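Enquirer: okay, sequence plus prediction incoming.
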Amino acid sequence: MSSTNTAIEWTDKTWNPTTGCNKVSPGCKHCYAETLTKRFPQSFSNGFAFTLHPERLEEPKRWRKPSRVFVNSMSDLFHEHMPLLFLKSIFQVVKESPRHIFQILTKRHERMLELAPELEWPCNMWVGVSVENQDYAHRVDYLRQVPAAVRFLSCEPLLGSLRLDLENIHWVIVGGESGKEHRPIRVEWVRNIRAQAREADVAFFFKQWGGKHPKAGGRVLDGRTWDELPEAWDQHLKCFQQGVSPSG
């Protein structure tokens, strides 16, 4: 579970320099990371308690193929127990691995903004916040203040209709919940977010409808899949094809 190729549609690989978390909002109720921890206890000696894995820090430097890397799929990079020094080490690895794009997703928007001035933000880092219902749309205001090259929203699991301010946001991901206790998603919620993204000229990615299993409901919305990515990804690949570092 340290790093792996992944079936998550909007990324290529996962990298987990920390594992473990705790619930902070309704989207956490049926946490897939906690479920995996219980399913594979032999891989998580501390269970779902927040745990540092310094031995994993250098892993991305060994990956040759330019990839989108989801950082801490099994945790939250801005967890309240994350030491600032270790966080800085993670950011340094990102900077020293310019062939990859690193995608960070957090529900801890306040700590993210609090620590932002203490960190050097590499241009190959994309940062997002989870917005599962309107009560948490204020996370976007915090995200907007972070100096990330790409700022994105993950509206997954989508638990209600959203009205979003997408100014200075580059990407919106939407998805339904999966698992035996999954909560329903409505097509009008998804269409409304897609319309808002269209109006704001923001890339829109529909991950899944959800259901008992992640792929149970498929990914088709109004006759097609929606796999838009920020322009930064195409620019990133083009730089490497031309032998130019996107970070320099």
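Expert: Everything's here; your move.

Enquirer: what sits up against the longest helix anywhere in the chain?
Expert: As assigned by DSSP state H, the longest helix anywhere in the chain is helix 187-200. The contact list for helix 187-200 (C-beta atoms under 8 Å, 6 or more residues apart in numbering) reads 155, 158, 160-164, 166-167, 169, 172, 174, 202-204, 206, 221-222, 226. Heads up, the C-betas are built off the backbone N, CA and C, glycines and all.

Enquirer: now, of those residues, which are buried?
Expert: 155, 158, 162, 164, 166, 169, 172, 174, 202-204, 206, 221, 226 (16 or more other C-beta atoms under 10 Å).

Enquirer: determine which two of those residues are furthest apart.
Expert: Ile169 and Leu221 (19.8 Å; C-beta to C-beta).

Enquirer: need the nearest residue in space to Leu153, chain neighbours excluded.
Expert: Val172 (4.9 Å; C-beta to C-beta, 6 or more residues apart in numbering).

Enquirer: for the helix or strand hosting the one you found, give me every contacting residue.
Expert: Per DSSP states H and E: Val172 is located in strand 171-175. Contact partners of strand 171-175, identified using C-beta under 8 Å, 6+ apart, comprise 10, 126, 128, 150-158, 164, 166, 190, 193-194, 196-197, 202-208, 210, 228-230.

Enquirer: mind checking which of the buried ones among the contacts of helix 187-200 land in strands?
Expert: 155, 172, 174, 203-204, 206 (DSSP state E).

Enquirer: tabulate the residues you listed in a markdown table, adding columns for pLDDT and distance to His138.
Expert: Shown next, in a markdown table, are those (pLDDT from 0 to 100; distance: C-beta to C-beta, whole Å):
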| residue | pLDDT | distance to His138 |
| --- | --- | --- |
| Cys155 | 98 | 14 |
| Val172 | 98 | 16 |
| Val174 | 98 | 19 |
| Ala203 | 98 | 22 |
| Phe204 | 98 | 21 |
| Phe206 | 98 | 24 |
